[in-house]
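Participant: Below are the sequence and a predicted model; questions follow.
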Amino acid sequence: MVAAARDKTARRAGRPGRIARRLALGLALASAASAAAAAGTSATLTLDDAAERAAASAPAVAAGRARETSAAADLERAGRLPDPQLELGVQNVPVQGSTALNLNADPTTMRVIGISQDIPSTAALDADRAGARAAGDAARADVAQSAIAARQAGAAAWVALWSSRLSERELAALADEAALAVDAARARLAGGTGTATDVLAAQASAAALANRQDAARGNEAAALASLQRWIGPVSGQLAPAPDFSRLPLPMARLMGEPDSQGPMLGWGARIAAAEAALSRARASVHPDWRISASYGVRAPGLPAMASVQLGMRLPLFAAEREDRDIDARAADLQALRDQREDARRAEVEAVAQALARWRSLNAQIARDQSTLLPLTQERVATALAAYRGGGALQPWIDAEQAAIATRIDWIDAQAERARAWTRLAYLSPESPR
C-alpha cells in the first residue's frame, strides 16, 4: 500500500511540466495579442458590439433624442412675430343722466373692432433664433454624452465578464496543483515519512483556493447581470479581447482633442446659450413697435370711424435697467468661458492620468509574463523536487501560495488595464473600430 502511494506521488510529481505548459497556454489565451486570433463565430460577443448595443438601447439616449425633437420644433417657431391681437369694445358710452348706457344717444359712442400687431426688433428676433439653435445643440450634445456613457458602461461590463472568466480558468488550473499537494502529503503520511500537519496545511491551502474559485464564480454572475442590464440577454461566448497592450486611438487624438471628448461636448451649447442671452439683453435697448387699426360704428345715420395707431417702447432708463441686464449677461458668459477652460484642463488631466495608469499596467503585465510568472513556477518545481527528495512539504506549499497570489495579481492587472483601455477607447462619439 505504501509502495502504491509512493508510485501515485511520483506520477503526480511529474506534473510540473504539464502545469507549465498549461500556464503558457493560459498566458497565450489571455494576452492582449488574442485580438489577432481566429475570428469568432456570429454567436460571439465582441467588446465593441457590447458597447454599441448598450448605446443603441440605453433609455437615456432615447430620452435625449426626444429632447432633440422638442428642440427642433422650438427652432421652427423661434424668431417669428407674435400672434396678432383682435380687439372688440365700445367707446365713449355715457354713464350719467337720462342717456346713461344708451349706445345711440351720443354721436361719439362707437362699437369698435380692431386688430394690433407687436413687432419686436430685428435684434430681438435674431437673439431668439440663436437661443433656439443653442438649445438644439445642447440636446444633440446630451444625446452624444449619453451614448458615450452607455458605451463605456457596456464595455466595462464586457471587461468585467471577460476578466472573471479568465480568473476562473486560471484558478481551475491552480486547483490541480492544490490537489497534487494534498495527495502528496497524504501519501507521505501513509508511507510514514510525512506528518498530519503537512496534510492539514495542504488541505487548508486547497480550501483557500476553493474560496477564491467561489468568489470568481460570483464575480462572473454579477458581471453577466451588469452586461445584461445594458444589452439584454447574452447568448454564446465572448469574442477574443482586443489588444489591450496597444492604444485604442492615436496619442495626438487622445491628448490633442479634449473638446471632442464626452465631458466637454455640452460646453459649446452652454456658451452659445449664454451668448444668445447676452444678445437678447442688448436687443432690449432697441425699441419694439406696435401697430393697430380699428373700425368704429356709431349711431344710425352717423358715419363710421376708422383709426390707425403706431406705438413704440421707449427704453428711456437704460442705465438703470437694460444696461444692468447687459452687464449681468456678459458676466454670465465670461463665467461659463472660464468654467469651460477649467473643465478642459480637468479633461486633459484625466486622460493623461488614464494613459499613465495604462502604461504602468502594460509594463507590469509584460514583466509578469516574461519574468515573474515563470520564476514562481520554477520555484514551485524546485520545491517539489526537494520534497520528492525527502524535504519538507511547507516550502512547496509556500511556493504554491506565492504562485497563486502572483497569478491572481496578474489577472487583476489585466482587468484593470482593460478598464483603463476602455475609458480611453470610448472618450469620443466614434468607436475605435
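Facilitator: Thanks, I have the structure now.
Participant: Without its sequence neighbours, what residue ends up closest to A138?
Facilitator: The shortest distance from A138 to any residue other than its chain neighbours is 3.6 Å, reached at A269 (C-beta to C-beta, 6 or more residues apart in numbering). C-betas here are computed from N, CA, C, even on glycine.
Participant: Secondary structure element holding that neighbour?
Facilitator: Assigned by DSSP states H and E, A269 belongs to helix 267-283.
Participant: And the average pLDDT for that helix is what?
Facilitator: Helix 267-283 shows a mean pLDDT of 94.
Participant: contacts for stretch 337-349?
Facilitator: Contacts to stretch 337-349, defined as C-beta atoms under 8 Å, 6 or more residues apart in numbering, come from residues 255, 258-259, 261, 263-264, 267, 270-271.
Participant: Can I get stretch 100-111 as CSV, trimmed to CA atoms?
Facilitator: Output of stretch 100-111 as CSV, limited to C-alpha atoms (Å, rounded to 0.1, in the frame of the first residue of the first chain):
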residue,chain,number,x,y,z
ALA,A,100,-76.6,106.5,-19.4
LEU,A,101,-75.6,103.4,-21.1
ASN,A,102,-77.5,104.3,-24.3
LEU,A,103,-75.3,103.4,-27.2
ASN,A,104,-77.3,105.6,-29.6
ALA,A,105,-77.7,108.7,-27.5
ASP,A,106,-74.3,110.3,-28.1
PRO,A,107,-72.8,110.8,-31.6
THR,A,108,-69.3,109.9,-30.3
THR,A,109,-70.3,106.5,-29.0
MET,A,110,-68.9,103.7,-31.2
ARG,A,111,-68.9,100.0,-31.4
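Participant: Can you list the buried residues in it?
Facilitator: Going by neighbour count (16 or more other C-beta atoms under 10 Å), the buried part of stretch 100-111 is 103, 109-111.
Participant: can you check stretch 337-352 too?
Facilitator: Per 16+ other C-beta under 10 Å, stretch 337-352 contains these buried residues: 340, 343-344, 347-348, 351.
Participant: and it, average pLDDT?
Facilitator: Stretch 337-352 shows a mean pLDDT of 95.
Participant: How far off centre is it?
Facilitator: Here stretch 337-352 is found 17 Å from its chain centre; the criterion is C-alpha atoms, centre = their mean, to the nearest Å.
Participant: Next: stretch 106-116.
Facilitator: Its chain's average C-alpha position is 65 Å from that of stretch 106-116, according to C-alpha atoms, centre = their mean.
Participant: cool, stretch 78-96 as well?
Facilitator: Counting by C-alpha atoms, centre = their mean, stretch 78-96 is centred 54 Å from the centre of its parent chain.
Participant: Now Q85, what are its backbone angles?
Facilitator: phi -120, psi 130 (degrees, to the nearest 10).
Participant: Kindly apply the preceding question to A304 instead.
Facilitator: Main-chain dihedrals, A304, degrees, to the nearest 10: phi -70, psi 160.
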